[in-house]
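[1] need the 3D shape of this:
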Amino acid sequence: MILDFSIQNFGPIKDEQILSFEALTSTRYEDHYVIHPKLENGDPILRQEKPVRLLKLAMIFGANASGKTTVLEALNFLRQLVLDRKEDKAETLDFRPFAFDSESEDAPTLLKIRFYHKGILFEHHFEFNQFCIIKEIVHYWDYNTTGRKRLLFERNTQQHSQVTELTKISDQVIAENNLSQRAIESLQLATLWNESILVGFNKVNFLFKELHLMQEWYSNVLEGMIDNQRNRIDQRIFKIVEEDPEGEAFITEFLHQSDFGIQGFRIENLSSPELLSGLASIISTFSPLLKNERDEEVSEKEILEKLQNRPIKRIQVRYGVMDDQYFLPLKCTSLGTRRALILAGLLYLLVKEHKVLMIDEFESSLHPDLAEFFLSQFLKSVKHSQLILTTHSRELMQIKEFVERRDVIWFTDKNQQLETELYSLGDFSSKELRRESSIYNFYKIGKLGAKPNII
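    Down below sits the predicted model:
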């Protein structure tokens with residue numbers, strides 16, 4: 001679970017901006033909005049003798065080009081930085097500094113995230129430029145034991161020699177993980193100057209509990225950003241429909257309640273011998289460009305074997321019309337139907353697993369009532385996951401259940417220097433915005449900012 005995430009010198013964000021999931025003191029709709037990170041034994045983590053309270057939802061509103069998506073892109077970039085292995089030292093990073101002053105171009109980007117995982121609070125800090133990760137520091141608080149702040153490691157890069165250096169590792173961490181000097185050196189050597197230490201850890205063969213837990217969180221909990229285009233998450237949804245009867249029933253019920261007239265699905269296998277043979281023949285014409293593990297040109301026979309091991313399938317949607325049933329390929333359904341199917345599958349993952357999901361342009365292809373229904377189901381059903389979304393849907397501000405927790409509503413706005421500023425509705429004082437005030441009306445007339453000033 002994310003505690004907070006900070007961004008500096010990334011795209012239109014110049015000065016540090018922080019997205020926080022720490023709940024304010026209000027206990028309104030506590031059961032729906034607030035979750036509690038747990039120790040390994042299942043008890044809630046305590047700070048100052050009270051359970052840690054984190055929000056499960058953050059909704060970011062703002063004008064076009066105000067920087068809403070940039071917040072998600074920065075978090076998505078951090079995930080890729082931790083998980084993606086580079087081909088070599090020459091591979092550059094997606095460095096996008098603030099463009100509208102002369103100083104930011106030469107300054108590094110800073111990203112920092114604090115998250116809870118299995119009773120430990122990790123603080124992961126990065127500084128990087130186009131070529132390398134300049135600095136990477138991790139502190140942690142293990143609440144399963146003392147809960148004291150400790151340094152896990154500090155990594156620096158010698159930019160002139162393009163060499164990664166592990167400059168600090170806690171002696172206590174070394175002792176608890178039984179790390180030899182040889183192991184530390186192997187981790188340092190395995191990490192290219194443009195890679196995270198966690199990428200280097202994935203290349204070596206020794207135990208390091210805290211790095212393993214961090215890698216587990218980035219790999220299994222933090223999901224990549226979902227936009228309004230088809231993307232890899234579709235494969236997760238496909239797998240649920242094909243292999244998980246409980247998940248298929250969940251998705252079907254969600255779509256049924258959403259009034260799509262859908263009664264179920266079936267998986268159709270399109271891999272006939274004739275189709276596979278034809279595909280293998282077509283692909284083999286490009287065989288001079290393809291290599292196998294022996295660095296040899298791939299034969300048509302090898303291609304056919306691979307295609308046979310990975311059958312081509314598609315989802316068909318079952319509709320009920322009066323007493324009859326009809327099937328329609330998923331690709332022939334509307335964009336709204338496909339979007340709803342994906343959201344239903346995502347909701348199932350959020351309910352069943354521990355996840356952090358990012359959805360850009362959440363309301364895309366959705367009727368406002370369906371967007372409200374999804375969020376209501378999320379708030380009522382999810383116990384361990386978090387959702388970050390961007391939206392233009394002002395209708396959500398009219399729903400009492402959503403606006404009663406002002407700490408879940410965020411805005412992005414550009415100042416006169418074209419810098420993105422990120423702020424929470426909870427930042428407004430009671431004098432500026434009374435509890436009985438209409439958030440929708442205040443936003444519509446411009447009192448909350450984060451909307452276009454149309455001339």
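[2] which residues touch Leu72?
    Met225, Met358, Asp360, Ile388, Thr390 (C-beta atoms under 8 Å, 6 or more residues apart in numbering). For the C-beta atoms, the positions are set from N, CA and C on the backbone; glycine is no exception.
[3] which strands and helices sit next to the helix or strand where the fourth one lies?
    Just to be clear, that refers to Ile388. Element membership for Ile388, per DSSP states H and E: strand 386-391. Secondary-structure packing of strand 386-391 (3 or more C-beta pairs under 8 Å, 6 or more residues apart in numbering; DSSP states H and E): strand 57-62, helix 68-83, strand 356-359.
[4] between it and strand 57-62, how big is the angle?
    Going by axes from the mean of the first three to the mean of the last three C-alpha atoms, to 10 degrees, strand 386-391 is angled at 20 degrees with respect to strand 57-62.
[5] outside of strand 386-391, which residues touch it?
    1-2, 19, 21, 35, 54-62, 68-69, 71-72, 75, 350, 355-363, 371, 378.
[6] what about 6 Å?
    With contacts defined as C-beta atoms under 6 Å, 6 or more residues apart in numbering, strand 386-391 is touched by 1, 56-60, 68-69, 356-360, 362-363.
[7] which intervals of the stretch 251-400 of the chain have sub-threshold pLDDT?
    271-311 (pLDDT under 70).
[8] so which residues of the stretch 201-350 of the chain form strands?
    Taking DSSP state E, counting those that start in this stretch as the criterion, the stretch 201-350 of the chain contains strands spanning 262-269, 313-321, 324-329.
[9] what are the pairing partners of the first one, and which direction each?
    This points to strand 262-269. Sheet pairing for strand 262-269, assigned by DSSP bridges, gives strand 313-321 (antiparallel).
[10] output the partner strand as CSV - backbone C-alpha positions only.
    C-alpha atoms of strand 313-321 as CSV (Å, rounded to 0.1, in the frame of the first residue of the first chain):
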residue,chain,number,x,y,z
LYS,A,313,-8.1,-17.8,-29.0
ARG,A,314,-10.8,-15.1,-28.7
ILE,A,315,-13.5,-14.2,-26.3
GLN,A,316,-17.1,-14.5,-27.4
VAL,A,317,-19.8,-12.6,-25.5
ARG,A,318,-23.1,-14.4,-24.7
TYR,A,319,-26.2,-12.3,-24.9
GLY,A,320,-29.7,-13.4,-23.9
VAL,A,321,-32.6,-12.2,-26.1
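[11] before we move on, the earlier item: reformat the contacts of Leu72 as JSON lines; add distance to Ser26 and neighbour count.
    Shown next, in JSON lines, are those (distance: C-beta to C-beta, whole Å; neighbours: other C-beta atoms under 10 Å):
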{"residue": "Met225", "distance to Ser26": "29", "neighbour count": "21"}
{"residue": "Met358", "distance to Ser26": "25", "neighbour count": "24"}
{"residue": "Asp360", "distance to Ser26": "28", "neighbour count": "21"}
{"residue": "Ile388", "distance to Ser26": "20", "neighbour count": "23"}
{"residue": "Thr390", "distance to Ser26": "24", "neighbour count": "26"}
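[12] one step back: now the helices and strands packed on strand 386-391 in a markdown table, with distance to Gln158?
    Converted to a markdown table, the helices and strands packed on strand 386-391 look like this (distance: least, C-beta to C-beta, whole Å):
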| stretch | distance to Gln158 |
| --- | --- |
| strand 57-62 | 38 |
| helix 68-83 | 19 |
| strand 356-359 | 34 |
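[13] figure out which of the ones you listed is closest to Gly11.
    When the helices and strands packed on strand 386-391 are compared by C-beta to C-beta, helix 68-83 sits nearest Gly11, at 4.5 Å.
[14] past that closest one, which element shows up next along the chain?
    Proceeding N to C from helix 68-83, the next assigned helix or strand is strand 109-117, under DSSP H and E.
[15] which one of the helices and strands packed on strand 386-391 lies nearest to Gln48?
    Smallest distance to Gln48 across the helices and strands packed on strand 386-391 (C-beta to C-beta): 23.9 Å, for strand 57-62.
[16] partners of the closest one in the sheet?
    strand 386-391 (parallel), strand 409-414 (parallel).
[17] quick check: mean pLDDT of that strand?
    Across strand 57-62, the average pLDDT comes to 96.
[18] tell me what angle that strand forms with helix 68-83.
    Using the same axes, to 10 degrees: strand 57-62 against helix 68-83 is 130 degrees.
[19] all helices for the protein, in order.
    Here the chain has its helices, by DSSP state H, at 30-33, 68-83, 171-176, 181-190, 197-201, 209-216, 233-243, 245-257, 273-284, 300-309, 335-352, 368-381, 400-403, 439-444.
[20] what residues sit buried inside the first one?
    In other words, helix 30-33. By 16 or more other C-beta atoms under 10 Å, the buried positions in helix 30-33 come out as His32, Tyr33.
[21] and it, average pLDDT?
    Mean pLDDT, computed over helix 30-33, is 94.
[22] ok, residues contacting that helix?
    By C-beta under 6 Å, 6+ apart, the residues outside helix 30-33 that reach it are Leu55, Leu379, Arg405.
[23] hang on, the earlier thing: for the contacts of Leu72, which one is nearest Glu49?
    Using C-beta to C-beta, Ile388 comes nearest to Glu49 of those, at 29.6 Å.
[24] roughly how far apart are that closest one and Glu22?
    Remark: distance between Ile388 and Glu22 (C-beta to C-beta, to the nearest Å) = 14 Å.
[25] quick check: the closest residue to Val52 other than its chain neighbours vs Leu55, distance?
    The spatially closest residue to Val52, leaving aside those adjacent along the chain, is Ile45, at 4.8 Å (C-beta to C-beta, 6 or more residues apart in numbering). With distances taken as C-beta to C-beta, Ile45 is found 15 Å from Leu55.
[26] go on, Glu40?
    Relative to Leu55, Glu40 is positioned 23 Å away (C-beta to C-beta).
[27] comparing these two, which shows the higher neighbour count?
    Neighbour totals were compared for Glu40 and Leu55, and Leu55 leads with 20 against 11 (other C-beta atoms under 10 Å).
[28] residues near the residue nearest to that one when sequence neighbours are not counted, how many?
    Excluding the flanking residues, the one nearest Leu55 by C-beta to C-beta, 6+ apart is Phe21, at 4.7 Å. Phe21 has 25 neighbouring residues, counting by other C-beta under 10 Å.
[29] again with Ser393
    Count around Ser393 with other C-beta under 10 Å applied: 18.
[30] check the one 3 residues further on too.
    Applying other C-beta under 10 Å, we find 23 residues neighbouring Leu396.
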